Each structure stands twice: as C-alpha cells, then as structure tokens.
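> only geometry, no sequence info:
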C-alpha cells in the first residue's frame, strides 16, 4: 500500500505517446484515481512521511491529505510538522501550526524542536510560555528540547528553574531528561551542576557519560574529562565508544594539549576503534600547532588508506597541517587534486602562502576565486590585506583596501580597517589613515578595541600624538594592548617625561604593564638615540619580574651597535644564549651587526655560525661585516657560497660584495658583480655606482671612473666626487683632481675635509703655490677641522678623548703617563 502511494505522489501518470494506441495503458503504473479507491489510514501517512527523503515530496503528501480527507487530523498534521522540521521548512511548519485546530504535545514539541534547530531560541522560549497556557499535560520528552533553549540562550538560571520543575514532577529520574540536564549545565558553563546530575542519576548510559565528558572538555577541564572517561570504562554496559573517545580528543585539542590529543587518538586506534571524519578534523589543529611535518604525512597516509580523501573537512584540515608546517607544495597538491574548491579551502591556501612569504601565489588564488565561481567573503579580503601587511607590502595592502570599499556585498569589518591602519602606520600615511578613521566612524567601529589600537599606533608613528590620545579616548573597552600602543607612541614621539604618569594610570585602570609595554618604551628610546637610557631600562627589566623576550633582544642590540658598547652587547648576547634566541635568524643577524660595529669581527663570525637557518638578511649582515673590516676576500668567498646555495642577492648583497671588491682592489670581480645585478633584476643605486667609482679610482683607472660618473643615470653626489678626488690624490692626477674638487666644493662649500683633500693633492704633486693658496682659503673662511675622537670602555664607564683634550678628570695622570711612554720610546730608539 505504501509503495503504491509513493508511486502516485512521486511519479505522475504517464502521458500517452503520439505514436502509441491510447487504449493500451501501462498496466504496472497505477493512477492516483485507482489508488484512492483503496482504503488509506493515518498510519499509512505516518509511514510515508517518516520515510520521505525530500521536502517537495512531503508537500505533495500534504496536498494529498486535503484530497483524501485527512486534513485537520491531529496525528497526520503532527507527522507533517515533524516532516517539515526534518527539512528545516520553518515557514511551511509555521503556517501549518497556526492553522491546526487540534494540537497535542507532540505538535508543540515538533514546533519547538524546529525553532531550536534553527537557532531561534527566544522564539522557542516564547512558544514554550504559550504552551504552558494551553490545556496540554507536559511529559518528559518535551523537556530535553526546552533545556536546549537554555543552552542556546546561555541562561543557566532558567535551566535551574526548569531543573526544579523536573524534580517537582519527578521527571528528573528519566535517563533522557538527566542526560539533557548534564548537556545544558555543561554548555552554560556550570560544570559542578553537570557532575551533580550525573552522580544523582539512578541509571546511566553511554550518553550520560559522554555528556559529562563533553561538559568537562568544553569547560577546559580536560584531565577531569579523562577521569570520567576512565570511570566509564569500568562499566560493562557503557564502554567508551567513538563519541566518548572523540570528546576527549577534541577537548585536549581545543584546549591546547596537542601532544595529549594525538596520544589519545593513537590509543583509540590501538584499541580497535577507527576515527571518523569529525575525530580526524578535531585532531588536525593539534598536529598543525606542533608543526610536525612527519606526523602530518602519517595522517595523510592514514586518510588515503581509509578513503577520507572525499571528505572536504578532513582534506581542508590536512591542508592546514601542511600550511602550518610550511610545506605549501604538498598543501597545493591536496588543494588541486582533492579539495572541494570553496571559500574556506581557498582562504586556507591564501593564509598559507602569505604566512610562508609567497604573497604572489596567494594573490593568484585570490584572483582565481572569481574564475572558479567562488565569491570572495570578507575573510578572503582580510586575509589578503593582512598578508600584504605582514610581508611589508604596505602599498599593495592599501590598494587592495581601496578595492574592497568598492566591492558589492562586502562590508569592511574591524580586521579590514585594523590591517589598513597598520599599513598606514608603516608608510607614515597620515592623510589616508584619517580617511580610514572616517570609514570607522561611519561604521561605528572607531570605539572597537582592535580598530582603536591600530588608530593609536598609526597616529603615533605619524608623530601626531594628540590624534593618538584622542583615538585612545574613544575606545570603549580598553585593554593592555591599547595601553601599550599609547605608551609606545609617547616613547616614539620622545615624550619620555609623560611615560611614568601613563604607567600609573594604566595600573589604576586595572592593567599591569607586560613585556610588550617595556618593549615599546625601550624601542622609543632607541629610535630617539637615547641608547644609554635604553640599555639602563633593559637592565631594570632583567631585575623585575618580567623576562625580556626575543623582541626585546632585537630592539636593544641596535642600541649596543650604535653606542659601540661591546661589553653591554656581550651581556645581551649571553641573555639570548640562555633563552635560546641566538640561533634565531634575526637575532643572529643583529648580533653579527653589533659585533662588527663594535670592532670584533671574530665574535661576529661566531654569532653568524650559530644561526640555525640563515636567510638573506643574516648573510647580508656577515657580508657587510667583512666589507666594514676590510676583509674583502672573505666577503667575496661568502658571496660565492650564497649564490651556490641558491640565495637570490638583493641590492644590499651587491653593495656589500662591491665594497669587498674595493678593499681587495679586484676590478675584474667588481665589474662581474656589477653586470650580474642585471641578471638578478637589481637596479643599481647611487651607492652601487659610488663603489665602482671608488674601485676604479683606487686602482688608478681615473679616466674610466670619470667617464662612468658622466654616464650614470642620476646626479653624482659628494661621496662619489670625493671617491674620485681621493683616487686623484693617491695617484697624483692634478688636472682631474681639480675637476673633482670643484664639483665637491660646489656641493659642500663648508666642508673643510674637501679643502684638505685638495691641499693634499697639491702637496703630492709639489704644487706649493696652489697648496699655499688653498690653505689661505681655509684660513680666510674661518673653517676648522672637527677633531677626531677615540674612546674605550672600562667596565660600565666609557672614556672619550679628543686631540689635545684636557677635559678628562684624570687628564694630569694621562699626560704624565704619555710623557713617560714618549721618553721611554726615545730612550729605546737611542
């Protein structure tokens, strides 16, 4: 009977083909009319509606109830409600429910379930209140649905009131109600109540244990969840199943216990329980955070063998593992071959390429989304903009931000505006930053913590401290990061005297300064050349309860470099070794730079060799160190190794390598490097040309150097003419030296050094009259040479000396020692 009714609804009677006899119908295809001649009961409709597999078919059945006289029957209409609920047809269910003249508890429960399933918890609660006014006797099965309303509203007090009603009507002993109570208390964050319900239940099943395990895991008590899991194992009728294992694994993973999550997964598989797609998806974030590529490949093999490659959740999770591990080749292969191309998988790939520095690949996928018919969401735009910002491509980030403003259906959010403001901060684009501030005001986002903090940072970096303070005052909910941005801004703008007041105000507002607060203050001192004070703050930080982090080390090392205080630098180096920071590529590069500038090339090389994964920045630092210390051969050798190891040199690399050639005097190598720049698409700057002029001039090829100056595509500066003049002095070329000196003096008429070089040229060429005239010119102009200075560090004191200087507090002792040494040398010479 049911099968016949399915046919009458699903397949209409066939029309007679034109080329067939109309008097010969298909005898095996009964018509609706013939079916209606047979008796149909309400249970028939119930069976059909329960097995219905699509809403359009259900609507046909609904229409048939009117024809067959079953419309208005309480039982059939309840089954129709349940069918509409199964397919999420809220409007159809609402219409039917409103027209029902007879409603029983099952009808009300079906409608309540539909509201709950669609997240309409307030509407569901309103319907429950209406139910209580009806003359309908409540039974236990409606309360699990009502308790879900409490969970959805996150209203534990309402849940406790319902719990009291359940106790009053003695429904609380029902196992289904008890399980629903545990679930409600767990989702509302009242773990103690959830555990009390479990302990008072007269009967427990797997669902009971799984509910309390999930409650513990959801509320961060993962080891307590594991404890209940172990207790559950002791009962024969409620041995842990896949749901139990998955709850524990998911709890460990969601709460950052990554190794534990993977360990429990392996234990589960060892006990013969195979994970499903949801279990695997929950453990992949743990594997990704551990960044264990070999483990990720093991999972890849497992899901391939167990045919999970068709599941988009699992594939996207595995892509994320490869992304976090930096293996974008494997991630792209999965994305290309197995992943369902949707906005989530594309966004994951964009994030991966941006995080691994391949922004062009990220942009390719971003642009191809439209070609693939995938509409970009705000996450796609935010990911691409922040990817540009994080890779220091600020202009590209701002250009993309302008595009998102014109994109239909996309509304910039706090992350969009925050990233764009960060780009403005790093490009000192105050005008554009103010425009973005206006966008934030229009959208009511200027008071948002994230946007407000970005505004404070942008205004501070653009030296508009008043605007930074105003932006700070607009933030509705201040946090530590926003305070740090403001304090860092004051330090950056050299308003050091206000920092202590701000720190006190920060503490009064209930926020304790953290390591990032100190980093911002120290960075401001370094940026304003207050190196000694910055080093003092670093020492104070070490004695406080805050430990300097890797960023603190990166900030303070330039202060050591610029003040040439090697002992302080060694102390910072020692701290970085104790914390394991010295192997970091950026800290290693800063250490190389510091030791090179403090005059210790051996320590620079040691710091360079300790870098675990050298990159172009660290290689450039060592190359510059060799060039600074005149070790040209070592510099050229390092350059050759860089090229052999596949590094692509940039303008800094070539500048340092050319400087090494200058020290070695290798014109051939210098010319080879200069032409090699074209091969690597590096456009020579004035500094590169100056190196070539210096190289040719020192080698005596002065005419070639002069011809090169005339050919360069920019105006020669004083450094370039000075290099040519120095070469003329060394090789005694007076005529060309005069030309260089004239150009040099025209550019820097008040620089006495230029006149001294010209005087030296005349002296070498024995042009005594020209020499006398030049010296008289220096005298007449009233210029004097700034005396050179020397210093050395004795413990924490730095002693500075000028020529004929008597300002030192122990100058008498110093000159007495000098006289004694001079007498000793004269005596020894005799």
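Cool, the structure landed. Nothing here was measured: the structure is a model prediction, and the numbers come from that model. Numbers count the residues shown, from 1 in each chain.
> And the strands in the protein?
Assigned by DSSP state E, the strands in the chain fall at 789-794, 797-802.
> Go through these and find the least confident stretch.
For the strands of the chain, mean pLDDT drops lowest on strand 789-794, to a mean of 61.
> Which residue ranges of the stretch 601-750 of the chain form helices?
Along the stretch 601-750 of the chain, counting by DSSP state H, counting those that start in this stretch, helices occupy 601-609, 616-628, 632-644, 651-664, 667-679, 686-698, 702-711, 718-731, 734-747.
> I'd like to know which of those helices is closest to residue 771.
helix 734-747 (11.1 Å; C-beta to C-beta). Glycine gets a C-beta too; all of them are placed from N, C-alpha and C.
> packing partners for the closest one?
Contact partners of helix 734-747 among helices and strands, from 3 or more C-beta pairs under 8 Å, 6 or more residues apart in numbering; DSSP states H and E: helix 702-711, helix 718-731, helix 752-764.
> ok now the longest one, how far from the chain's centre?
So that's helix 718-731. 49 Å (C-alpha atoms, centre = their mean, to the nearest Å).
> Outside of it itself, list whatever touches it.
686, 689-690, 693-694, 696-698, 700, 702, 705-706, 709, 733-734, 736-737, 740-741, 743-744, 747-748, 751, 754, 757-758, 760-761, 764 (C-beta atoms under 8 Å, 6 or more residues apart in numbering).
> any idea of the angle it forms with helix 734-747?
150 degrees (axes from the mean of the first three to the mean of the last three C-alpha atoms, to 10 degrees).
> sorry, back to before: nearest to residue 455, of the helices of the stretch 601-750 of the chain?
Per C-beta to C-beta, nearest to residue 455 of those: helix 616-628, 30.6 Å.
> quick one: contacts of the closest one?
585-586, 588-590, 592-593, 595-597, 601, 604-605, 608, 611, 632, 634-635, 638-639, 642, 647-650, 652-653, 656-657, 659-660, 663.
> Looking at the residue lying closest to residue 340 once chain neighbours are set aside now. What's its pLDDT?
Using C-beta to C-beta, 6 or more residues apart in numbering and skipping the chain neighbours, the partner closest in space to residue 340 is residue 312 (4.1 Å). If you check residue 312, the pLDDT there is 88.
> wait, doesn't residue 312 sit right on residue 348?
No - with contact defined as C-beta atoms under 8 Å, residue 312 and residue 348 do not form a contacting pair (11.1 Å).
> Who has more neighbours out of those two?
Ranked by neighbour count (other C-beta atoms under 10 Å), residue 312 and residue 348 place residue 348 first, with 21 against 17.
> Who are the contact partners of that one?
316, 319, 320, 323, 335.
> Now distance to residue 469 and pLDDT too, for these, in TSV please.
TSV is the format used below for the contacts of residue 348 (distance: C-beta to C-beta, whole Å; pLDDT from 0 to 100):
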residue	distance to residue 469	pLDDT
316	44	90
319	44	93
320	41	92
323	40	92
335	46	91
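> Which among those count as buried?
316, 319, 320, 323, 335 (16 or more other C-beta atoms under 10 Å).
> Those residues in helices, which ones?
316, 319, 320, 323, 335 (DSSP state H).
> how about the nearest residue to the first one, chain neighbours excluded?
Translated: residue 316. residue 345 (5.3 Å).
> From residue 712, how far out is the one you found?
Per C-beta to C-beta, to the nearest Å, residue 345 is found 51 Å from residue 712.
> Who has more neighbours out of those two?
More crowded of residue 345 and residue 712, by other C-beta under 10 Å: residue 345, with 21 against 16.
> Just confirm that one contacts residue 314, I think it does.
No - using C-beta under 8 Å, residue 345 is not in contact with residue 314; the gap is 11.8 Å.
> List the buried residues for stretch 280-297?
280-288, 290, 292-293, 295-297.
> let me redo that: stretch 148-163
Buried residues in stretch 148-163 (16+ other C-beta under 10 Å): 148, 149, 150, 151, 152, 155, 156, 158, 159, 160, 162, 163.
> Relative to the whole chain's centre, how far out is that stretch?
With C-alpha atoms, centre = their mean, you get 37 Å for stretch 148-163.
> just stretch 109-126 next, same as before
38 Å.
> tell me how far the ends of it are from each other?
13 Å (C-alpha to C-alpha, to the nearest Å).
> what residues does it touch?
Residues contacting stretch 109-126 (C-beta under 8 Å, 6+ apart): 78, 81-82, 84-85, 88, 90, 93, 97, 127-128, 131, 141-142, 145-146, 148-149, 152-153, 158.
> Among the residues you listed, name the buried ones.
For the contacts of stretch 109-126, a burial check counting by 16+ other C-beta under 10 Å picks out 78, 81-82, 84-85, 90, 93, 97, 127-128, 131, 142, 145-146, 148-149, 152, 158.
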